[in-house]
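K.L.:
Fold the following and give me the result.
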Amino acid sequence: MNALLSTLPTAPEVTPRFSALGRLTDLQQRYETTTYPKGHTLFQEKHTPWGLFYIQKGKVKLHKYGSDGKEQIIRIAGAGDFIGYTALLNNAQYNMSATVLEEATVAFIPHQDFLEVFGRDHGVSNHFTQLLCRDIMEAEQRLVAQSYQPMHCFR
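P.N.:
Sure thing, here's the model as predicted:
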């Protein structure tokens with residue numbers, strides 16, 4: 001399993017610019033943190049999001065299950081990463097699940113608080129726009145990689 005995880009792409013770092021960094025840090029530090037054990041599910045696919053998660057320490061697996069029941073790991077998030085923002089910004093259900101891979105300390109930012117800061121602070125909204133663009137680029141890379149996988153035909 002560890003060999004498989006090491007071959008997955010890790011998210012390129014998106015660094016907030018200047019004052020946005022301070023506001024993002026303030027945002028995640030205003031909330032209590034919780035330490036979760038390995039195997040704990042932070043959120044599940046098809047559930048309604050209640051807020052944003054900020055990983056202060058540890059690793060979290062973002063994954064989904066195919067119609068065949070097989071797990072597909074989307075990416076591994078670590079310290080300094082926000083997760084759950086796509087569903088919040090899209091006002092939709094989670095399109096994947098998040099499970100702790102190694103003990104993780106996580107701050108939870110309620111939905112309304114996040115949207116308030118996102119709506120009034122250009123630096124914060126720009127940061128999350130960059131994160132969304134990164135996610136799209138990673139998805140495109142996965143699609144290209146899959147298109148080069150050999151097809152197996154069964155009769």
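K.L.:
which stretches of this protein form helices?
P.N.:
All helices of the chain, identified by DSSP state H, fall at 2-7, 18-29, 85-90, 111-120, 122-147.
K.L.:
Nearest to L42, out of those?
P.N.:
The closest of the helices of the chain to L42 is helix 85-90. By CB to CB, the value is 12.2 Å. Bear in mind the C-beta positions are built from the backbone N, C-alpha and C, glycine included.
K.L.:
Work out which residue lies at the spatial centre of this protein.
P.N.:
Against the mean C-alpha coordinate of the chain, by CA atoms, centre = their mean, the closest residue is I83 at 3.3 Å.
K.L.:
Enumerate the beta-bridge partners assigned to that residue.
P.N.:
In this structure, I83 bridges to F53 when assessed by DSSP bridges.
K.L.:
Could you pull up the residues touching it?
P.N.:
Going by CB atoms under 8 Å, 6 or more residues apart in numbering, I83 touches L42, L52, F53, I55, V60, L62, A77, A98.
K.L.:
In ChimeraX, how would I select just the buried ones from the residues you listed?
P.N.:
Buried residues among the contacts of I83 (16 or more other CB atoms under 10 Å), as a ChimeraX selection:
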select :42,52,53,55,60,62,77,98
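K.L.:
Tell me the one of the contacts of I83 nearest P110?
P.N.:
L52 (8.1 Å).
K.L.:
and the gap between the closest one and A87?
P.N.:
10 Å (CB to CB, to the nearest Å).
K.L.:
And T105, how far from G69?
P.N.:
Here T105 is placed at a distance of 31 Å from G69 (CB to CB).
K.L.:
okay, the two: which has more neighbours?
P.N.:
Counted by other CB atoms under 10 Å, T105 and G69 do not tie: T105 has more neighbours, with 14 against 6.
K.L.:
partners of that one in the sheet?
P.N.:
T35, K57.
K.L.:
Name all residues that make contact with it.
P.N.:
Here T105 is in contact with T33, T34, T35, Y36, I55, Q56, K57, G58 (CB under 8 Å, 6+ apart).
K.L.:
ok, and the most crowded of the residues you listed?
P.N.:
I55 (24 neighbours).
K.L.:
And the closest residue in space to that residue that isn't next to it in sequence, how far from H63?
P.N.:
Leaving aside its sequence neighbours, I55 sits nearest to D81 (CB to CB, 6 or more residues apart in numbering; 5.0 Å). As judged by CB to CB, D81 and H63 stand 15 Å apart.
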